[in-house]
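Q: Any chance you can model this:
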Amino acid sequence: ENQNNNSNDLILAKSLIEMLRELEEYSQGELEFEKNFIQRTWNFYEAESRQKFESSSLPEYLKYSCGRLEYEYEVICKLLAPITTDKLMKCVRERLILDHMNSLFPKPSGSSLKGLSKDLESLKLLYELVNGVFGIERLATEWAAFIKTNGQELMGLGNDFRTIEGIAKFKEEVDFVIKECFQSDPVIQATLKDAFESVMNGRGDRSAELLALYIHHTIQKGCEDMEAFLSMALLLFRYLHRKDAFDSFYKRTLAQRLLFQGIKDLSVERKFISKLREECGGGFVSRMESMLKDFELSQEMTKAFKSSDPHFNSGISSVTGITVISGLWPCGKPTGSLTMPSELKKLEGSFSQFYHNQKKNCSLKWTEHLGSCVMRATFKAGRYSLILTVPQALILLKFNNEKEGEPMTLTKLSKEIQMDRVLLEET
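A: Next up, the predicted model:
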């Protein structure tokens, strides 16, 4: 009756059990108290646990099971001989957990954990209970299935950097649960690699592109803990199978940051490329490292030119040029020089002369169509600063100088700014 918590006369019960031990009727003899007690415990919990499981939610059942185990160990086991404790607790655990393992982890795999993913207390109880019946491998399988299902849902939700941002946040949550609820169990941790590889490769090359975009966006805007971000980015990179695709996409975004975003501090770029070098070797990052070096040399040359040219600030507030090795950068082939305003054309000529004095055996080709500028414009509604590509700015300037009665056509624009008609239409 103590198992049903209906009697508080534990002192009397203990005396009776001691008497049975003295009469050698505890574990042997006609009464066989221990054997009968374990069997009655088996029957009791077989019936009660079934009723509780059917009438309770999973968190409620987990709390009930832990409460029952605690009661048996703290109260009943103290009445029994020490040799009975392990037998009794094994019996109780099996009836409470092992008998319901298929119901705890129903098909499809991982479905039961989805409802518990935010309930840290229940996850802790689940781990403790399953561990008590040597069921960690089953829990690990369910946890891996949960990661795959939810991760693939996240991967399929979007088509920009926010997709991988969601995966990174999900990975942090998974790591927290494993540490805080699953006691960093090595069996569960071993399932992570396969689970997240399934998630990160679910969209083929697009997954690699999204990861490159996520890194690109975060480096651009910055974050509070850049070192932690870079470590997470590298971890997600490890899960990718198509690392060659990532390499291609990453070099494109690196070129955008260096050539078009005006990055001044290269320390973050160097850190991540260094991590990639440690992970994949020098051959994987050689071109990235060459791009950084090329960019630094370009900055030094531009600085030297600005110091040497007395006409640099004539009528133009700020101009920055970047000189790079064309075959090294994923920026496409030069399309021919555009017809630039006279002030800029004069600067191009001065820089070309300066460059050839420095690099006598090198040729220089201008790709103004890759440039950008800030144009100040005055409209009836007021003055604005417009951020434009160089071709867009040239087009607006042509309209600005348009003579009355002479409409501007695509053909005329293409001829005057020396820009291919197809590219002009795209601009």
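Q: can you map out the strands along the stretch 301-427 of the chain?
A: For the stretch 301-427 of the chain, the strands defined by DSSP state E, counting those that start in this stretch cover 372-379, 382-389.
Q: Same list, these, but as a markdown table with mean neighbour count please.
A: Every C-beta, even on glycine, is put in place using the N, C-alpha and C of the backbone. Listed next are the strands of the stretch 301-427 of the chain as a markdown table, based on neighbours: other C-beta atoms under 10 Å:
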| stretch | mean neighbour count |
| --- | --- |
| strand 372-379 | 12 |
| strand 382-389 | 11 |
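Q: Of all those strands, which one is nearest G321?
A: G321 sits nearest to strand 372-379 of all those, at 12.1 Å, using C-beta to C-beta.
Q: State the pLDDT value of S15.
A: Note for S15: predicted pLDDT of 75.
Q: What is the neighbour count of it?
A: Using other C-beta atoms under 10 Å, S15 has 12 neighbouring residues.
Q: Please identify which of the strands of the stretch 301-427 of the chain is closest to L126.
A: strand 382-389 (54.0 Å).
Q: Please report how far K365 lies from S350.
A: 17 Å (C-beta to C-beta, to the nearest Å).
Q: between these two, who's got more neighbours?
A: More crowded of K365 and S350, by other C-beta under 10 Å: S350, with 16 against 11.
Q: buried residues in the longest helix along the chain?
A: Longest helix of the chain, by residue count under DSSP state H: helix 282-308. Using 16 or more other C-beta atoms under 10 Å as the test for burial, helix 282-308 gives 284-285, 288-289, 291-292, 294-295, 298-299, 301-302, 305.
Q: Turn those into TSV, columns for pLDDT and distance to N401.
A: As requested, these are exported to TSV (pLDDT from 0 to 100; distance: C-beta to C-beta, whole Å):
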residue	pLDDT	distance to N401
F284	96	50
V285	96	48
M288	95	43
E289	95	45
M291	92	38
L292	93	41
D294	90	37
F295	89	35
S298	87	33
Q299	85	34
M301	87	33
T302	83	30
F305	85	29
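Q: Could I get those in JSON lines, plus columns for distance to T253?
A: Listed next are the buried residues of helix 282-308 as JSON lines, based on distance: C-beta to C-beta, whole Å:
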{"residue": "F284", "distance to T253": "16"}
{"residue": "V285", "distance to T253": "14"}
{"residue": "M288", "distance to T253": "11"}
{"residue": "E289", "distance to T253": "16"}
{"residue": "M291", "distance to T253": "11"}
{"residue": "L292", "distance to T253": "14"}
{"residue": "D294", "distance to T253": "16"}
{"residue": "F295", "distance to T253": "14"}
{"residue": "S298", "distance to T253": "18"}
{"residue": "Q299", "distance to T253": "20"}
{"residue": "M301", "distance to T253": "24"}
{"residue": "T302", "distance to T253": "23"}
{"residue": "F305", "distance to T253": "28"}
